[in-house]
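Student: this one's structure only:
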């Protein structure tokens, strides 16, 4: 596919790109708190839960400009399967995919057919030795995985869910968190190019658009580091080729989380289109030119 068609497929054209200030709420401080509060026995209990392996993850920091300049390169794609919820980005003269498959490989979280909020989980008034572990699971889910504003209340159904550890551990967290993350990533920059141009035309003092990203967006950052070779030069990845999509290792193929996802629904190659119209409805650190230049250099001047 030619560069011209790929450029035409960009949701936000190159000449319409704008500076931004991006905020997010995936707070990895929860891991430090859990390790500080739980006893050795309770930490061992936490490790055997569905989130236990996250205890070994190093602190992750949101790179707002990195997110922003990847999101500016999203392409219009004619979905082969509307249920796939896949994002495609034009980087380095290649179109790369972020889908539930990449999310699954990066996070190790299980997927399933349904992620509806459970009901009829009756109350349990018994105080057990598991209570601290349950609270730690809720803390990690709320502070880190869901990535929501700290001022918002926690989801009541997750409190009910965590009271039954068997049900909590078998819940398809990958499906739930990917849907939340996809919904945020696919809408957070929509229409903001027009808003920024309006501000410039009105001479308003606005140096950058501001927006938030929600969900487990840390997975998006890890995926991009693995997929984009420029970051190998900075010591973040080990490959020098662009990966259109991530491929599981032999070890990962044997993992239960990989078996939980239907791989057949995700297209390997996108059906790029040049849109005539695009719905720009929007619901909702300092801009650094060198980030823009870094990615442009990867693209070979495209």
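Tutor: Perfect, thanks for sending it. Predicted model, so just to flag it, every value in this text is computed and none were measured.
Student: only C-alpha atoms for contact and neighbour calcs from this point on.
Tutor: Will do.
Student: the chain: helices as residue ranges?
Tutor: Secondary structure of the chain by DSSP state H: the helices cover 3-8, 29-37, 40-47, 64-71, 100-107, 131-140, 156-162, 165-170, 173-185, 192-201, 218-227, 250-253, 256-259, 289-298.
Student: now the second one and helix 40-47, what's the angle there?
Tutor: An angle of 150 degrees separates the directions of helix 29-37 and helix 40-47 when computed by axes from the mean of the first three to the mean of the last three Cα atoms, to 10 degrees.
Student: show me what helix 29-37 is packed against.
Tutor: On a contact count with 3 or more Cα pairs under 8 Å, 6 or more residues apart in numbering; DSSP states H and E, helix 29-37 meets helix 131-140.
Student: tell me the buried residues in the helix it packs on?
Tutor: For helix 131-140, the buried set under the neighbour-count rule, 16 or more other Cα atoms under 10 Å, comprises 132-134, 136-140.
Student: just send these back as TSV, with pLDDT and distance to residue 44 too.
Tutor: Below are the buried residues of helix 131-140 laid out as TSV (pLDDT from 0 to 100; distance: Cα to Cα, whole Å):
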residue	pLDDT	distance to residue 44
132	89	12
133	93	10
134	93	13
136	94	12
137	95	13
138	93	17
139	91	17
140	94	16
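Student: okay, now residue 195: neighbour count?
Tutor: 13 (other Cα atoms under 10 Å).
Student: repeat for the one 3 residues further on
Tutor: Using other Cα under 10 Å as the criterion, residue 198 is surrounded by 12 other residues.
Student: could you do residue 155 as well?
Tutor: 12.
Student: what does stretch 49-58 contact?
Tutor: Applying Cα atoms under 8 Å, 6 or more residues apart in numbering, the contact partners of stretch 49-58 are 31, 46-47, 109, 137, 165, 168-170.
Student: if you could redo that for stretch 146-158, that was the one I meant.
Tutor: Against stretch 146-158 from outside (Cα under 8 Å, 6+ apart): 24-27, 117-119, 138, 142-143, 177, 180, 213-217.
Student: so residue 110 touches residue 101, yeah?
Tutor: No. Here residue 110 does not reach residue 101: they are 10.7 Å apart, not a contact under Cα atoms under 8 Å.
Student: shared neighbours of those two, anything?
Tutor: Common neighbours of residue 110 and residue 101 (Cα under 8 Å, 6+ apart) are residue 261.
Student: and the residue sitting nearest the centre point of the chain, what does it touch?
Tutor: Compute the mean C-alpha point of the chain, and by Cα atoms, centre = their mean the closest residue is residue 217, 3.0 Å away. Applying Cα under 8 Å, 6+ apart to residue 217 gives the contacts 26, 147, 181.
Student: check pLDDT for those and point me to the minimum.
Tutor: The lowest pLDDT within those belongs to residue 147, with 80.
Student: tally of neighbours for that one?
Tutor: Residue 147: 22 neighbours (other Cα under 10 Å).
Student: lowest average confidence, helix or strand, in this protein?
Tutor: Every helix and strand in the chain was compared by mean pLDDT, DSSP states H and E; the lowest is helix 289-298, with a mean of 45.
Student: so what's residue 211 up against?
Tutor: Listed by Cα under 8 Å, 6+ apart, the contact partners of residue 211 are 20-23, 188-189, 284.
Student: got a ChimeraX select line for the buried ones in the residues you listed?
Tutor: Filtering these down to the buried ones (16+ other Cα under 10 Å) takes a single ChimeraX command:
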select :20,21,22,23,188,189
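Student: out of the contacts of residue 211, list just those in strands.
Tutor: If you go by DSSP state E, those have 20-23 in strands.
Student: residue 248 touches residue 103, doesn't it?
Tutor: No. Residue 248 is beyond contact range of residue 103, at 11.6 Å (criterion: Cα under 8 Å).
Student: skip the chain neighbours and tell me the closest residue to residue 210.
Tutor: Closest residue to residue 210 apart from its sequence neighbours, by Cα to Cα, 6 or more residues apart in numbering: residue 21 at 4.8 Å.
Student: burial check on residue 157, number of neighbours?
Tutor: Neighbour count for residue 157, taken as other Cα under 10 Å: 12.
Student: widest-spaced pair of the ones in strands among the contacts of residue 211?
Tutor: Across the ones in strands among the contacts of residue 211, no pair lies farther apart than 20 and 23, at 9.8 Å, counting by Cα to Cα.
Student: one step back: higher neighbour count, residue 248 and residue 103?
Tutor: Using other Cα under 10 Å, the more surrounded residue of residue 248 and residue 103 is residue 103, with 25 against 16.
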